[in-house]
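> Just need the structure, nothing else, for what follows:
(chains A, B, C, D, E and F, ligands or ions: 4)
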Amino acid sequence: MDGMLALYIFMLAAFTGYEIIAKVPVILHTPLMSGSNFIHGIVVVGAMIVLGLAETPLQQAIGFFAVALGAANAAGGYVVTERMLGMFKKKEG
Amino acid sequence: MDGMLALYIFMLAAFTGYEIIAKVPVILHTPLMSGSNFIHGIVVVGAMIVLGLAETPLQQAIGFFAVALGAANAAGGYVVTERMLGMFKKKEG
Amino acid sequence: MPLTLATARETADGECRTALVPETAKKFAALGARLRMEQSAGVQSHFLDPDYVGVDFAPGLAETYAGADVILRVTPPSPAEIAALPEGALLIGLLKPYESKERLAALNARRITAFALELLPRVSRAQSMDALSSQGSCAGYQCGLIAAARCTKFFPMLTTAAGTIRPARVLVIGAGVAGLQAIATCKRLGAMVEAYDVRAAAREQIESLGAKFVDTGVSADGAGGYARELSAEEKAAQAEKLAKAVAQADVVITTAAIPGKRAPVIITNEMVGRMKYGAIIVDMAAESGGNCALTQPGEHVVANDVNIHGPLNLPSRMPTHASELYAKNLYNFLSPWIKDGTLAIDWSDEIVAGTLLCRDGATVHTLVKQVMGDA
Amino acid sequence: MPLTLATARETADGECRTALVPETAKKFAALGARLRMEQSAGVQSHFLDPDYVGVDFAPGLAETYAGADVILRVTPPSPAEIAALPEGALLIGLLKPYESKERLAALNARRITAFALELLPRVSRAQSMDALSSQGSCAGYQCGLIAAARCTKFFPMLTTAAGTIRPARVLVIGAGVAGLQAIATCKRLGAMVEAYDVRAAAREQIESLGAKFVDTGVSADGAGGYARELSAEEKAAQAEKLAKAVAQADVVITTAAIPGKRAPVIITNEMVGRMKYGAIIVDMAAESGGNCALTQPGEHVVANDVNIHGPLNLPSRMPTHASELYAKNLYNFLSPWIKDGTLAIDWSDEIVAGTLLCRDGATVHTLVKQVMGDA
Amino acid sequence: MTLPLYVQGAWFGGALLFIVGLKGMSSPASARRGIVVAGYGMLLAIAATFLIPGLQNLALIALALAIGGGGAWLSAQKVKMTDMPQMVAIYNGMGGGAAAAIAAVEFAKGDAHGLVATTLATLGALIGAVSFTGSCVAWAKLQGVLKKAWRLPAQNAVNVLLALLSLGLGLAVIGLAPQQPELVIAFFVVALVLGLVVTLPIGGADMPVVISLFNAFTGLAVGFEGYVLGNPALIIAGIVVGAAGTLLTQLMAKAMNRPLSNILFTPMVASGPGEAISGTMKEVGAIDAAAMMRYAAKVIIVPGYGMAVAHAQHKVWEMTSILEEAGVEVKFAIHPVAGRMPGHMNVLLAEAGVPYDKIFDLEEINAEFGQADVALVIGANDVVNPSARTDKASPIYGMPILDADKAQNVIVIKRGKGTGYSGVENALFYTDNCRMLYGDAQPMAGEIIQHLKSMG
Amino acid sequence: MTLPLYVQGAWFGGALLFIVGLKGMSSPASARRGIVVAGYGMLLAIAATFLIPGLQNLALIALALAIGGGGAWLSAQKVKMTDMPQMVAIYNGMGGGAAAAIAAVEFAKGDAHGLVATTLATLGALIGAVSFTGSCVAWAKLQGVLKKAWRLPAQNAVNVLLALLSLGLGLAVIGLAPQQPELVIAFFVVALVLGLVVTLPIGGADMPVVISLFNAFTGLAVGFEGYVLGNPALIIAGIVVGAAGTLLTQLMAKAMNRPLSNILFTPMVASGPGEAISGTMKEVGAIDAAAMMRYAAKVIIVPGYGMAVAHAQHKVWEMTSILEEAGVEVKFAIHPVAGRMPGHMNVLLAEAGVPYDKIFDLEEINAEFGQADVALVIGANDVVNPSARTDKASPIYGMPILDADKAQNVIVIKRGKGTGYSGVENALFYTDNCRMLYGDAQPMAGEIIQHLKSMG
Ligand SMILES: NC(=O)c1ccc[n+]([C@@H]2O[C@H](COP(=O)([O-])OP(=O)(O)OC[C@H]3O[C@@H](n4cnc5c(N)ncnc54)[C@H](OP(=O)(O)O)[C@@H]3O)[C@@H](O)[C@H]2O)c1
Ligand SMILES: NC(=O)c1ccc[n+]([C@@H]2O[C@H](COP(=O)([O-])OP(=O)(O)OC[C@H]3O[C@@H](n4cnc5c(N)ncnc54)[C@H](OP(=O)(O)O)[C@@H]3O)[C@@H](O)[C@H]2O)c1
Ligand SMILES: NC(=O)c1ccc[n+]([C@@H]2O[C@H](COP(=O)([O-])OP(=O)(O)OC[C@H]3O[C@@H](n4cnc5c(N)ncnc54)[C@H](O)[C@@H]3O)[C@@H](O)[C@H]2O)c1
Ligand SMILES: NC(=O)c1ccc[n+]([C@@H]2O[C@H](COP(=O)([O-])OP(=O)(O)OC[C@H]3O[C@@H](n4cnc5c(N)ncnc54)[C@H](O)[C@@H]3O)[C@@H](O)[C@H]2O)c1
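Ligands and ions are numbered 1, 2, ... in the order given. The predicted structure is shown next:
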């Protein structure tokens, strides 16, 4: 991957992340932390690729480990966030 | 350039542009239009490269034309924006 | 010889207002009119003679009125004062047109051109001449103050070291000009104010002042912004719903009037009997008979430990401002017709025609003729 | 035999309050005390005898006081009433400790244990017993109402079809409990209020109510939240700055008092001379001599077209609430010492000690002894 | 072509500064700093470009920069403030032209870029060219060079036809690589004509919106050419402007209460003459009302019965305080018969704590409306009805009224089309300088407050 | 490896949905929708990954997904609401572990990626590993598995040493490509230990901030590994979370009034005993105060003399109205001697238009504080001073007070450390559930209003 392009993407993504969080009420700090925790669960995709392309048993083992961890990150992160944000439901009527 | 990466950049840049403008007061509409007009004056850089790498007189001519236009965009855009925004100066004390 | 306007001292009992104040005197003078005033005619309103610039002072009634073209008054003239009016002169004031046949006859006998400001049509243009409104404002404000001063409780809520005082409950009946002002005054002082009026539009107006409307389900919109008389059943329905509100009130202020008629009796004897001990009623309609059955105009009656006040001539309690407003009403009424020191009235103007009571020796106002018979 | 509390009808001129109200009667009874009251003792405050639950009624003064342990009063007892007090009884009330040597002697002759609520120390815990504050609130509120009712102008600004009424200018001198309440009341009615007090802290307090502080550069903070007396130069400086404010005012309300002393004269003859025609002064300090040189306590004086009112016993104008507050002060003062129907006073308690006027046949309060001599 | 890191880094820095600068420009308080930041970004990017190894024609480049940049700089300095909008138009058009020119050179070179790049190059050329001629027309109209509305018989059909034609030619250019010069020239000509034809019929009042649209176009064109040139700084700057500009255009159209399609395809015609009350009521949003007042020097508030009904007095006073803190002079004008009782407004304003010295009656203030930037009419109607001055048949004829209509701008808050006490129509609401803010006075005042606060 | 367009497109869609979802989550009104949107993004991205041609070990992948995902799904469903924070910690740690594992596999493969990629892989591995063990410790602490604070003698020195060592090893790994297994293993071990050691001494109260920091770490690690894998979706999701998480961590630290460095390097020690009033005053921002009230069921407002001095009554009432519109029950508790005259608060609240039925005196309301989520004390001091209940020496001993301290949370608005009328310190301000909002009551109430409005 072109390093320069990646840098541009880094910059824009960082800017986007920053903009989204700026001026968030304290009440959302924990859910947002949890939500962003879920989002980096996307690492499971990377782990899947790694495992999918693993060549040795060691690689497979680590890859398996990575996929399981990543999947836990994604699934657990989603459920926890969803449940936390459920609190806001009743008030928004 | 990798099309996919470009697409990501397009997406992030569009998101960024949108976020910046959302909820801007009407009073800033014209200055912001002018300011963003200035920013796409960056086209002058592209024009410079094109002229710099021009091979035929025709290309040179068009390139020259492009640089002049781009430079006018950038310089004129800057001055106009700067003057418009000067109006806000006195009120911000 | 330029137009001469004359103002004598008001002689009615307890009347402290005056029809000419220094400010309007100056303005009339600027229009080229000559002004004559009885000595100390403004003193009860705290306007001293030296305050009037460009006004001639005359020692007595006769000297004041002699040869005057226009007579400005607050109250209707007494027989003696009518006798002093120059024959054919123009008279403007709150002339109580429905009060006395004799007075009308006397005015006509002297061929007085009389304008009764009570008759002023309520069109937009006439609002600046509307003495009923201006004096009604004063009356409503004074009613509120009387109610607060006579109430044996605080109006506002007060949380104090010695316990919490609950706000007084005030009920205002009749939300015309005066009633609204009374509502505003009581609200300002912190009372919980409820109000009631038969006119449907009154609800929004009452609520616009932050008071609560007492809904009785009876509406009585009449012509020209005034209320019509209610039927017997309507009165009964109204009375029932109102009785409840009255029974809860610490203070009841009544301002319901119907022009040219006796005021409706809204608070009956029986309703007074159900009121709280120590409650008070301030009956602003006392002048036209009272909205409470027990009201004695000008008196203070106690029944069942309820104090019923029937104050008269409320604007005279604040004569400075009441006179100022009234004098400006007169000025606004008259000034359009004064040009270069002469009077040129357009008799077809709807305001002039509507207000005209007597002219050329006859009562000309239709409604007054209807009620009083030809005089 | 349980503790007996007795309350007779107040006999002082114009006094409408009562020292026992139905609510406190119930509470005292709950503490096990017996209560006795003279017939109709509460009626002037609009509390009827049947309103009192668990109270014995007695036909006259003698019957009421006979054998009572504690006598609750609003005003100091007259010589006749002192004679009716059971020897050695406990007496609580606003006893005007600095007013009369003879009264002190008479009380001591009957070995009365007397508590004068005026002497209550102003500690936080005593605030609920502070009758000066509760009655001061009533007085200040009434002052505001009197001022508004007597003013010949509107208090609020009004823009009307007949011209714009400028708001009245009210100056309040003395911003203690009563003064602040007067400020609040006049502000509520829409007046432009300025106020002045010698205490430095008063500025912020005045401004906290939205009124303007008149800065004269003189400060006179005394002990215990009361003001000290000013020196002659200070008085002159104060007078000069104040004179200006007074001259501009439509209404001046004065509430400046110094406990145990004649009220300071703040508005001089000369200052009255420079006031507006028709302006009014309401002097709440009339009782202790008046803050205006021309004040006649209880009277209404006109000087230079300025009306000077010296109302007395203002809380009695709103007896229902004034009595309620006062009675609760008494209850809060006494109840901590009543247990199972007996009285057990801790004489070393700072509040008890500070309020105690006479005991065992002698005047014991230090400051009172200083001012009045031993009696 | 691989570029040295310092050039790429400088471009990266430029792009970063653009974003930061644009962000700054989106709030009045930091707007000025924003343009300066963006300006540094531009300098950085241009300077770095000179350092590209092997760049030729340096003298030509410098000359073109000097001519274009210098000329624009000087003329932009001299132009009057009122002529700014057309300057924005022309500079924007030049940017579009530059983008189109870049595409032209790329076509001329005939380098093979791949399908994506060629497509984007063509698309950029098309919208750049349209933006170029369109902006020129906009400039000419605003400058007064082009005066009358120039309208074809079947304007919309012609527009669509030309657009289709240019798209078709574009597809041909893309498909038939390497490009044939004739085709390319035809494509450009049609695109340029399209810009002309589309813009010519649009009226002057709608021009700002159109300019904003072309601005977004140029941004996109620059972004696309950036892709062709493999220059992420161009991409980012262009796309950010494209996105921002698109949103801005929509916001502007909304502020004018006209859908964008309406502006482009059904140009406004002057309304017919001879009605009792002519003109239309123009709506305005709370944010616009807030901004108009926030940047006014003097605002006069005219409260009426509607303020009382809505109990909006506290909000109105809060709004006033915020405006005053921002340095705006605010006065209240009370009509003698505003409301339903003498002194109605006084009672309410006093309740809200409005100091007396801000309250003026008709006689005191009527002369001042002429100097007011904004008259804010809150739930008043009859008391600002100009027909009282002129129309003898009106029931309110002869009543003195507050001259709110003399103010630079009038904003009227009311719930709907309701009449006042007198029941007559109000000509004020139809005048050019009047904007209606529909809604209950209390929440409306609340919204204005919120927007005022966000303007810092 | 070039991937088919549909896989890349799906990833792109996933990234887009993440951003949109995260944006949604930043406002209470749309937060729930936000997580659902992001969830779809995740499903899309994972599903597409299966479609990569040539992907092996599909069964293994599915198994790992089922074990990891299924297990986490079930356990997350079951956990109590109060145990949520540690769950966030542990899932976050797993993400970090996954990132580190990806790096490990890449090292194991020994593919040459170039300097940039290797550097990023190593960096990602380092912070991923730290985040992994650190999060596990955080989980253990919050879960109560690890109870006592485990502190080395020279903790900070050890921290720095370990950090330097891991960096050094990392540089070695980068420099000495192809990687030697021993080096790589040593690197990972040190990184994992570093995470442990850094986190162990940190107290439970500071854990949320630390978890947030590790969350940002994991984001960065994922972003870096995304670069290594050439997967922009990972890059964007990771970096967005990294940036957002960093800012969030700062905001959280600020909300706790502790600089981040303080939390990491000088863990709080319990304050010494035996002072007259123990504890510290904890500051809070207007936005926090607003949020606490906005999401409360019941708020009791205690006004005092400071509200009068600040003339804040109108603002306070506006704030109340907004809260009530949002469904919060709000009551006013008036102390008998609040202010400086009997009825002082009544006069002011009436002026602001507070209806009487919301105003309660001490006897009426004192029992309700226990059920209130928030007691908002505005410029009151003596009247909420608990020492009046207990401290016989206090000048206010014996005065009844409002039991504001019984509320779930207490927020006190005052200008500074000023005492009240009685001049005594107030123990309430030092209690655990009390937060100080410093500033003049009027602008503060205004700020709260503004934040409340932004919460919709
Ligand atoms: N002052 C007096 O003594 C007195 C006495 C009697 C009569 N009047 C008459 O009353 C009139 C007073 O004039 P004005 O201009 O004050 O009032 P107005 O002419 O009655 O107009 C009030 C306007 O407020 C709007 N409105 C009502 N409720 C509203 C709400 N909740 N929020 C926003 N807008 C609201 C109404 O339009 P929408 O329905 O579209 O919202 C209406 O057009 C004069 O004609 C006067 O002659 C005065
Ligand atoms: N009600 C009566 O009749 C009466 C009469 C006399 C005395 N008192 C006494 O007055 C006291 C009343 O208690 P309280 O709790 O109402 O008031 P307080 O105890 O006097 O406390 C007021 C607090 O408000 C803060 N403050 C002042 N100005 C402020 C501003 N502009 N913005 C924000 N905060 C401000 C002050 O702290 P900062 O300086 O840090 O801001 C102060 O701690 C009692 O002790 C009572 O005994 C009452
Ligand atoms: N030109 C104008 O626009 C103008 C000027 C002044 C007043 N007005 C309007 O005229 C109306 C009446 O004004 P007014 O104060 O002179 O009236 P008023 O003094 O004649 O009567 C006072 C009020 O008593 C009410 N009333 C009558 N009978 C009643 C009953 N049985 N029970 C309860 N209420 C009863 C009336 O409806 C009226 O509101 C008001 O709406 C006022 O706004 C209009
Ligand atoms: N326990 C408590 O905390 C408590 C209870 C009640 C009152 N207080 C405080 O005590 C103070 C006085 O209360 P009060 O109303 O009983 O006082 P007061 O009736 O004795 O006097 C009224 C006011 O007149 C002022 N005054 C005296 N001489 C003056 C002069 N020459 N010029 C102008 N003003 C002059 C005094 O400063 C005082 O404010 C107030 O500050 C009040 O808040 C405290």
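> Quick one: name the residues of the stretch 201-350 of chain E near chain F.
Residues of the stretch 201-350 of chain E found near chain F (C-beta under 8 Å from any C-beta of the partner chain) are E:311, E:314-315, E:317-318. In short, each C-beta sits where N, CA and C put it, glycine included.
> can you do 7 Å?
Proximity of the stretch 201-350 of chain E to chain F (C-beta under 7 Å from any C-beta of the partner chain) is limited to residues E:314, E:318.
> Show me the helices in the stretch 201-350 of chain E, by range?
E:207-229, E:232-255, E:260-265, E:286-294, E:305-310, E:313-325, E:344-352 (DSSP state H, counting those that start in this stretch).
> What pLDDT is listed against residue A:91?
pLDDT for residue A:91: 42.
> Would you mind naming what in chain A lies close to chain E?
A:4-5, A:7-8, A:11, A:15.
> Buried deepest among the helices of the stretch 201-350 of chain E, which one?
Among those, the stretch with the highest mean neighbour count (mean count of other C-beta atoms under 10 Å in any protein chain shown) is helix E:207-229, at a mean of 30.
> In a markdown table: the helices of the stretch 201-350 of chain E, plus distance to residue F:446 and mean pLDDT.
Written out in a markdown table, the entries for these read as follows (distance: least, C-beta to C-beta, whole Å; pLDDT from 0 to 100):
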| stretch | distance to residue F:446 | mean pLDDT |
| --- | --- | --- |
| helix E:207-229 | 34 | 90 |
| helix E:232-255 | 27 | 86 |
| helix E:260-265 | 37 | 72 |
| helix E:286-294 | 16 | 84 |
| helix E:305-310 | 21 | 92 |
| helix E:313-325 | 8 | 91 |
| helix E:344-352 | 15 | 86 |
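> still on that earlier bit, between the residues of chain A next to chain E, which has the most around it?
Neighbour count (other C-beta atoms under 10 Å in any protein chain shown) singles out residue A:8 as the most crowded of those, with 26 neighbours.
> and of the helices of the stretch 201-350 of chain E, who's closest to chain C?
Between chain C and the helices of the stretch 201-350 of chain E, the shortest gap by C-beta to the nearest C-beta is with helix E:305-310, which sits at 3.6 Å.
> does any bit of that closest one sit next to chain D?
No: for helix E:305-310, no contact with chain D is found by C-beta under 7 Å from any C-beta; the gap never falls below 13.5 Å.
> Check which helices and strands that helix sits against.
For helix E:305-310, the packing partners by 3 or more C-beta pairs under 7 Å, 6 or more residues apart in numbering or on different chains; DSSP states H and E come out as helix C:202-208, helix E:344-352, helix E:441-454.
> what is the mean pLDDT for the helix or strand following the first one?
This points to helix C:202-208. Along the chain past helix C:202-208, the next helix or strand (assigned with DSSP states H and E) turns out to be strand C:212-213. Strand C:212-213 shows an average pLDDT of 93 in the prediction.
> strands paired with strand C:212-213, and their directions?
The strands that strand C:212-213 pairs with in its sheet are strand C:192-196 (parallel) (by DSSP bridges).
> Next, the contact list for the closest residue to residue C:77 other than its chain neighbours, please.
What sits nearest to residue C:77 in space, not counting adjacent residues and going by C-beta to C-beta, 6 or more residues apart in numbering or on different chains, is residue C:85, at 6.7 Å. Counting by C-beta atoms under 7 Å, 6 or more residues apart in numbering or on different chains, residue C:85 makes contact with C:65, C:71, C:77, C:91, C:110, C:112.
> Give me the subset of the residues you listed that lies in helices.
Among the contacts of residue C:85, the members found in helices (DSSP state H) are residue C:65.
> Turn the contacts of residue C:85 into CSV, columns for distance to residue B:30 and neighbour count.
Rendered in CSV, the data for the contacts of residue C:85 read as follows (distance: C-beta to C-beta, whole Å; neighbours: other C-beta atoms under 10 Å in any protein chain shown):
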residue, distance to residue B:30, neighbour count
C:65, 71, 23
C:71, 66, 25
C:77, 70, 26
C:91, 66, 24
C:110, 75, 18
C:112, 70, 25
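> could you dump the contacts of residue C:85 to a markdown table with pLDDT?
As requested, the contacts of residue C:85 are arranged in a markdown table below (pLDDT from 0 to 100):
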| residue | pLDDT |
| --- | --- |
| C:65 | 95 |
| C:71 | 96 |
| C:77 | 95 |
| C:91 | 96 |
| C:110 | 93 |
| C:112 | 95 |
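> what helices or strands is the lengthiest helix in chain E leaning on?
Secondary structure of chain E read by DSSP H shows that its longest helix is helix E:115-143. Under the contact criterion of 3+ C-beta pairs under 7 Å, 6+ apart, helix E:115-143 touches helix E:84-109, helix E:155-175, helix E:181-199, helix E:207-229.
> so the second one versus helix E:115-143, what angle?
Which is helix E:155-175. Between the direction of helix E:155-175 and that of helix E:115-143, the angle (axes from the mean of the first three to the mean of the last three C-alpha atoms, to 10 degrees) works out to 150 degrees.
> distance of the residue nearest to residue C:77 from residue C:52?
Distance, residue C:85 to residue C:52, using C-beta to C-beta, to the nearest Å: 22 Å.
> hmm, back to that, going by mean pLDDT, which of the helices and strands packed on helix E:115-143 comes out lowest?
Per-stretch averages of pLDDT across those put helix E:155-175 at the bottom, with a mean of 87.
> Now do the same contact list for residue E:413.
Contact criterion C-beta under 7 Å, 6+ apart gives E:377-379, E:437, E:439, E:441, E:444 as the residues in contact with residue E:413.
> In helices, which of the residues you listed fall?
In this view, the contacts of residue E:413 that belong to helices under DSSP H are E:441, E:444.
> and the contacts of residue E:413, which two are the farthest apart?
Using C-beta to C-beta, the pair of these lying farthest apart is E:377 and E:439, separated by 13.6 Å.
> Neighbour count for the two, which is higher?
With other C-beta under 10 Å as the criterion, residue E:377 and residue E:439 differ in neighbour count, and residue E:377 comes out ahead with 31 against 17.
> In the stretch 1-150 of chain C, mark out all the strands, start to finish.
Listed from the start of the chain, the stretch 1-150 of chain C has strands (DSSP state E, counting those that start in this stretch) covering C:4-7, C:34-38, C:56-58, C:70-72, C:90-93, C:113-116.
> Good, we can wrap up now.
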